[in-house]
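Colleague: What shape does this take:
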Amino acid sequence: MSNFKKKYCLVSFIFAVIAVVVTLVAFVPQKAYAASVNIPGVTDSSNSNQSTENGNGTDGTASSGNNGLSVNINNGEGNLSGTVRIFLVLTVIALAPSILIMLTSFTRIIIVLHFVRAAIGTQTVPPNQVLIGLALFLTLFIMSPVFTQINENALKPLDAGEITQEQAFEAGMEPIREFMFKQTQAKDINTFCDIAGVTYETQDDISNTVLIPSFILSELRQAFIIGFVIYIPFIVIDMVVASVLMSMGMMMLPPTTISLPFKILLFVLADGWNLVIRELVETFY
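Modeller: Numbers count the residues shown, from 1 in each chain. All right, here's what the predicted structure looks like:
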């Protein structure tokens, strides 16, 4: 056993040394040499920059190399470079699914659609892809006025350089906050204000960290209320079918096998999808 431990320690040490060497080789900066190109009107400064090859300028100070990430200060106003803007845009894109789900009508719509499918009794019909796609396009339909305001008040002025990033963020959040306030119940806002230990007099005093969870909680409550109402007629059909089967002595026959065609027939005759979608969209107006 002692020989095995010695060999194990030796192998571990060798792998550790190899890992350190590979790390140093991978992360030690290598020198890059660019081919000289003669451009008319531009003086070749390759000879004058020999003293700065090791990162030191002619005046003894460190030269500022272009690392691709910089913040330019112009006339006392901070302007982010193009690289930083691309980084922020990619960050927003990565968080876009969470923003779309939590700050729009998507949550209520997708929960209600799942309740509809569960109430009918079809396990995978419609499939999840169809439900998510339908919920997404309904969200775009409901949120189109909000998105238009964000484009007009925040994105276009920011692209034209008329406002700063902070002003664009505030202008873009204002339509979303108005939408969330309309769909959020006061008791949910009071709950999170009590938890956070803050007070408010107007809507402007409520921060986004309080408004967003309050809005999500209200959306969940509203979606479950709608789902309960949708469940009622289908439960009645299940009860009637189960009673008939029990009276006929068919206790071994699953009631859902008989009730499923009747529930689908009722849903089709009542034009259920049109009715559910219409009433669901109207809850946001």
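
Colleague: My reading is that residue 199 lies in a helix. Confirm?
Modeller: No. Using DSSP: H, G, I helix; E, B strand; the rest coil, the secondary structure at residue 199 is coil, not a helix.

Colleague: contacting residues for it?
Modeller: For residue 199, the contacting residues are 193, 205, by CB atoms under 8 Å, 6 or more residues apart in numbering. To be clear about C-beta, it is placed using only N, CA and C from the backbone, and glycine gets the same treatment.

Colleague: what's the burial count for the residue nearest to residue 100 when sequence neighbours are not counted?
Modeller: Nearest residue to residue 100, sequence neighbours excluded (CB to CB, 6 or more residues apart in numbering): residue 106, at 5.8 Å. Residue 106 has 22 neighbours, counted by other CB atoms under 10 Å.

Colleague: I figured residue 106 hits residue 99, correct?
Modeller: No. Assessed by CB atoms under 8 Å, residue 106 is found out of contact with residue 99, at 9.9 Å.

Colleague: Torsion angles phi and psi at residue 162?
Modeller: Phi and psi for residue 162, reported as degrees, to the nearest 10, are phi -80, psi -30.

Colleague: Please tell me how far the closest residue to residue 207 other than its chain neighbours sits from residue 163.
Modeller: Nearest residue to residue 207 in three dimensions, chain neighbours excluded: residue 198, at 7.8 Å (CB to CB, 6+ apart). Applying CB to CB, to the nearest Å, the value for residue 198 to residue 163 is 29 Å.

Colleague: and these two? which has more neighbours close in?
Modeller: Counting neighbours by other CB under 10 Å for residue 198 and for residue 163 shows that residue 163 has the greater number, 17 against 13.

Colleague: where along the stretch 151-285 of the chain do the helices fall?
Modeller: Listed in chain order, the helices of the stretch 151-285 of the chain (DSSP state H, counting those that start in this stretch) span 156-159, 165-183, 186-196, 208-247, 255-269, 272-282.

Colleague: so which of these gets nearest residue 131?
Modeller: helix 272-282 (11.5 Å; CB to CB).

Colleague: Between helix 208-247 and the closest one, find me the angle.
Modeller: If you take axes from the mean of the first three to the mean of the last three CA atoms, to 10 degrees, helix 272-282 sits at 150 degrees to helix 208-247.

Colleague: outside of helix 272-282, which residues touch it?
Modeller: 108, 109, 112, 116, 138, 141, 142, 226, 230, 266, 267.

Colleague: Among the residues you listed, which one sits closest to residue 84?
Modeller: Among the contacts of helix 272-282, and counting by CB to CB, the member closest to residue 84 is residue 142, at 33.4 Å.

Colleague: hmm, back to that, can you list residues touching both of residue 106 and residue 99?
Modeller: By CB under 8 Å, 6+ apart, no residue touches both residue 106 and residue 99.

Colleague: which ones are touching the residue nearest to residue 157 when sequence neighbours are not counted?
Modeller: Ranked by CB to CB, 6+ apart and with sequence neighbours excluded, the top spatial neighbour of residue 157 is residue 163, at 4.6 Å. Counting by CB under 8 Å, 6+ apart, residue 163 makes contact with 154, 157, 171.

Colleague: gap between residue 163 and residue 83?
Modeller: 21 Å.

Colleague: Also residue 244?
Modeller: Here residue 244 is placed at a distance of 71 Å from residue 83 (CB to CB).

Colleague: Ok, residue 113 next?
Modeller: 41 Å.

Colleague: what's the answer for residue 245, then?
Modeller: Distance, residue 245 to residue 83, by CB to CB: 69 Å.

Colleague: And for residue 144?
Modeller: Residue 144 sits 33 Å away from residue 83 when distances are taken as CB to CB.

Colleague: Just want to know which of those two has more residues nearby.
Modeller: Neighbours were counted for residue 144 and for residue 83 using other CB under 10 Å; residue 83 has more, 13 against 10.
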